[in-house]
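Novice: structure of the sequence below:
(one chain, ligands or ions: 2)
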Amino acid sequence: MTSAPALAGPAYDVLNRVFGYADFRGGQREIIEHVIGGGDALVLMPTGGGKSLCYQIPALVREGTGVVISPLIALMQDQVDALRTLGVRAGFLNSTQDPEERRLTEQLYVAGELDLLYVAPEGLGVPSTQRLLDRGRIALFAIDEAHCVSQWGHDFRPDYLNLSMLHERWPQVPRIALTATATSATREEIATRLGLTGARHFTASFDRPNIQYRIVAKNEPRRQLLDLLRTEHPGDAGIVCCLSRASVDRTAEFLVQNGIAALPYHAGLDARTRAANQSRFLREDGLIMVATIAFGMGIDKPDVRFVAHLDLPKSVEGYYQETGRAGRDGLPSTAWLAYGLQDVVQQRKMIETSEGDLAHRRNLAAHLDAMLALCETVQCRRAQLLAYFGQSAEPTCGNCDTCLTPPESWDGTVAAQKLLSTVLRLQRERGQKFGAGQSIDILLGKTTEKVQQFRHHELSVFGIGTDLREQEWRGVVRQLLAQGLLAVEGEYGTLTLTDASTAVLRKERQVMMRREPERTRAPKARRASSGGAAPATDLDPAGAAAFERLRAWRAAAAKEAGVPAYVIFHDATLRQIAALRPGSLTELSTVGGVGETKLARFGQQVLETLAG
Ligand code: ADP
Ligand code: ZN
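Specialist: Ligands and ions are numbered 1, 2, ... in the order given. Predicted coordinates for the structure are as follows:
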């Protein structure tokens, strides 16, 4: 590495030797140099961007132990196992540990025999833990998932507020805070609350080009999901996100009944079942986790091929973080969301009836509006997502649904007027409020029981909307709600006008709408299936056969070591090995992801498997 700057020498050395990677990605080098030099840093990188190396390498280069604060207790064991497989001396302290194990970890720390120590934020507040840390040498503090300090955010953890004490107690120790989700407002909040106002900010590109973003109109969500899984992701591992526990259970059951291996994960399950399901998801190939949003933060399973949302997420930040769990290995992946009228009604209702002051409700509403704008856009989804995070992008990305099958937009002004005047007439002439279904029945001229009961067939708007189908009317209502031209109220989600409705009714305002493509089949370009279980398409037949043999070997090795398969080697690494088919350890060591320790431990077995 003669071309590397002098300061990066030891960092490059660790990158090559320990992690087996040839070069830094994105902003990693700059961040790592800055922290090695003792500087504080606030790092914003998308999920899968490579945040871990930003503190792991400085911890290995600087004298002492890197202390990593992470809220993800359930993952600490896996993180530590993965590091140990790389030959890194790592340990953790948290409440799930037995006393003997804890004592051992503490001893190692004090003796200076740990490179990295993971601790839970609540643990750091305990005086005995603080005294323990004083007895060893701290190389740095890494504050992972730093957005947890944000009270407006979606993952707030009260213990994070205390972390500003790190600087007061250990002013000499550099701190690096990392998060995958932050608009500029959240970024300021993180810096202030953690006392990181003097820290250098590093913002990587938030783009995740290997993820194909798609948002479809919801009609039969579970059927649509099944269709996606069968046609595009057979045998792939993935995450299905639902908002409620009941819907998690129903969906997991539905998938299992249809012959797809799926597990539920939500706060209503007991801790042991949750831990067991998470562990199976990480360890076994091709499982699907159906989960509430409580699942998946910090999961570093690299081969999650899709993230599917069956309910509308509450914010773009949350959505982007959840979808970011797909494709950390850089291979093609899908982020798929089914979204419909009921989602908008439900969420608006939830906000309206939520506890908390006006400012809080306004904040929720602003988050929802941004999410709805993303759903209803006729422009590139990726460009809109990146703009939300303050990043400019090409106007078209070529790898989202609107770029691949551009939706038409149509002038929906007249339809909007018809719908709004129905709501107005019900209100003015009858003093009544109804949900979307009744208004649509009136427009379509349906003489249902309810229409007759309320004599709605006598309204002048009865039957004036037969030019659109029911599904299209639902789209009109949804888009009016999304654009704030209509609102929902109360427990039943009845429709009501807003201040902005008036301009439409007075013909002062044009309303453009999105027309859904007839059938949202898988877009053709850049198909998102990497074929997790199928042989890699980019390999020749001999390579594909080698890849299959390597996978089988890896499964056995992982079982023996009691770690997830990807801790041994990632798919991407196995693929490279299968393509190269090296004949010697030296040749094998050139493959990305094969570091010194893994070479010594698994190299011979890999060569034998190839010769096999
Ligand atoms: P994040 O924490 O930002 O979500 P990770 O730190 O888990 O991301 O990294 C994502 C993936 O990228 C991991 O599988 C990691 O091994 C890999 N990776 C990180 N940095 C590099 C690099 N410089 N070269 C190759 N792979 C890398
Ligand atoms: Zn696009």
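
Novice: and the strands in the stretch 51-200 of the chain?
Specialist: Remark: strands assigned in the stretch 51-200 of the chain by DSSP state E, counting those that start in this stretch are 65-69, 90-93, 116-119, 138-143, 175-179, 200-203.

Novice: to Gly612, which of those lies closest?
Specialist: Using Cβ to Cβ as the criterion, the shortest distance between Gly612 and these is 32.9 Å, found for strand 90-93. Just so you know, the C-beta spots here come from the backbone N, C-alpha and C atoms, and that holds for glycine as well.

Novice: picking that back up, can you redo the strands of the stretch 51-200 of the chain as JSON lines with distance to Gly490?
Specialist: Formatted as JSON lines, the strands of the stretch 51-200 of the chain follow (distance: least, Cβ to Cβ, whole Å):
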{"stretch": "strand 65-69", "distance to Gly490": "43"}
{"stretch": "strand 90-93", "distance to Gly490": "48"}
{"stretch": "strand 116-119", "distance to Gly490": "47"}
{"stretch": "strand 138-143", "distance to Gly490": "42"}
{"stretch": "strand 175-179", "distance to Gly490": "37"}
{"stretch": "strand 200-203", "distance to Gly490": "42"}
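
Novice: which of those sits closest to Asn162?
Specialist: strand 65-69 (10.4 Å).

Novice: residue ranges with poor pLDDT in the protein?
Specialist: 1-8, 152-154, 182, 294, 296-298, 517-537 (pLDDT under 70).

Novice: domain parsing for it?
Specialist: With domains defined by automatic domain parsing, the chain comprises 10-203, 211-339+377-405, 410-515, 541-611.

Novice: JSON lines please, covering those domains and showing distance to Asp357 and mean neighbour count.
Specialist: JSON lines is the format used below for these (distance: least, Cβ to Cβ, whole Å; neighbours: other Cβ atoms under 10 Å):
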{"stretch": "domain 10-203", "distance to Asp357": "13", "mean neighbour count": "19"}
{"stretch": "domain 211-339+377-405", "distance to Asp357": "18", "mean neighbour count": "20"}
{"stretch": "domain 410-515", "distance to Asp357": "19", "mean neighbour count": "17"}
{"stretch": "domain 541-611", "distance to Asp357": "44", "mean neighbour count": "18"}
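
Novice: need the ones you listed in JSON lines with distance to His367, can you?
Specialist: Listed next are the domains of the chain as JSON lines, based on distance: least, Cβ to Cβ, whole Å:
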{"stretch": "domain 10-203", "distance to His367": "9"}
{"stretch": "domain 211-339+377-405", "distance to His367": "4"}
{"stretch": "domain 410-515", "distance to His367": "13"}
{"stretch": "domain 541-611", "distance to His367": "33"}
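
Novice: ligand 2 is nearest to which of these?
Specialist: Distance to ligand 2, taken as Cβ to the ion, is lowest for domain 211-339+377-405 among the domains of the chain, at 3.3 Å.

Novice: does the closest one reach ligand 2?
Specialist: Yes. Using Cβ under 5 Å from the ion, domain 211-339+377-405 reaches ligand 2 at Cys380, Arg382, Cys397, Cys400, Cys403.

Novice: in helices only, show me those.
Specialist: Arg382, Cys403 (DSSP state H).

Novice: measure the residue nearest the centre of the chain to Phe295 for me?
Specialist: Taking Cα atoms, centre = their mean as the criterion, Glu322 is the residue nearest the geometric centre of the chain, at 1.8 Å. Remark: distance between Glu322 and Phe295 (Cβ to Cβ, to the nearest Å) = 9 Å.

Novice: give me the common contacts of the two.
Specialist: Common contacts of Glu322 and Phe295 (Cβ atoms under 8 Å, 6 or more residues apart in numbering): Ile239.

Novice: from what I can see Pro46 touches Phe206, true?
Specialist: Yes. The pair Pro46 and Phe206 passes the contact test of Cβ atoms under 8 Å, sitting 4.7 Å apart.

Novice: which neighbours do these two have in common?
Specialist: Tyr320.

Novice: spit out the contact partners of Phe434.
Specialist: Leu426, Thr494, Leu495.

Novice: repeat that with 6 Å
Specialist: Applying Cβ atoms under 6 Å, 6 or more residues apart in numbering, one finds that Phe434 lies in contact with Thr494.

Novice: have a look at the chain and report its longest helix.
Specialist: helix 541-561.

Novice: hmm, who's touching the helix or strand following it?
Specialist: Where DSSP states H and E defines the elements, the next helix or strand beyond helix 541-561 is helix 565-568. Helix 565-568 has contacts (Cβ under 6 Å, 6+ apart) with Ala82, Thr85, Pro302, Arg554, Ala555, Ala557, Ala558.

Novice: okay, helix 565-568 in CSV with CA atoms only?
Specialist: Taking Å, rounded to 0.1, in the frame of the first residue of the first chain, the C-alpha atoms of helix 565-568 are listed here in CSV:
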residue,chain,number,x,y,z
ALA,A,565,-23.4,-18.8,8.1
TYR,A,566,-22.5,-15.3,7.1
VAL,A,567,-20.1,-14.9,10.0
ILE,A,568,-17.9,-17.6,8.3
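
Novice: does ligand 1 have contacts with that helix?
Specialist: No. Figure legend: helix 565-568 not in contact with ligand 1 (Cβ under 6 Å from any ligand atom); closest approach 7.8 Å.

Novice: distance of the residue of the chain most remote from its centre relative to Gln427?
Specialist: Most distant residue from the mean C-alpha position of the chain: Glu458, 50.4 Å away (Cα atoms, centre = their mean). The gap separating Glu458 from Gln427 is 16 Å, by Cβ to Cβ.

Novice: before we move on, what about Gly20?
Specialist: For Gly20 relative to Gln427 (Cβ to Cβ), the value is 67 Å.

Novice: kindly report the same for Gly91.
Specialist: Taken as Cβ to Cβ, the span from Gly91 to Gln427 is 65 Å.

Novice: which residues touch Thr197?
Specialist: Per Cβ under 6 Å, 6+ apart, neighbours of Thr197: Ala191.

Novice: phi and psi next, for it.
Specialist: Backbone torsions of Thr197, given as degrees, to the nearest 10, read phi -70, psi -30.

Novice: how about Glu458?
Specialist: phi -90, psi -10.

Novice: number the chain from 4, please
Specialist: Let's use 4 as the start, then, which means that last one is Glu461.

Novice: dig out what Ala265 forms beta bridges with.
Specialist: Ile291 (DSSP bridges).

Novice: wait, it sits on Thr254?
Specialist: No. Ala265 is beyond contact range of Thr254, at 7.7 Å (criterion: Cβ atoms under 6 Å).

Novice: what sits in contact with each of the two?
Specialist: Val293.

Novice: mind listing the helices for the stretch 404-553 of the chain?
Specialist: 404-407, 416-433, 439-447, 452-456, 473-485, 504-508, 544-564 (DSSP state H, counting those that start in this stretch).

Novice: in JSON lines: those helices, plus distance to ligand 1.
Specialist: Listed next are the helices of the stretch 404-553 of the chain as JSON lines, based on distance: least, Cβ to the nearest ligand atom, whole Å:
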{"stretch": "helix 404-407", "distance to ligand 1": "24"}
{"stretch": "helix 416-433", "distance to ligand 1": "42"}
{"stretch": "helix 439-447", "distance to ligand 1": "40"}
{"stretch": "helix 452-456", "distance to ligand 1": "51"}
{"stretch": "helix 473-485", "distance to ligand 1": "31"}
{"stretch": "helix 504-508", "distance to ligand 1": "43"}
{"stretch": "helix 544-564", "distance to ligand 1": "15"}
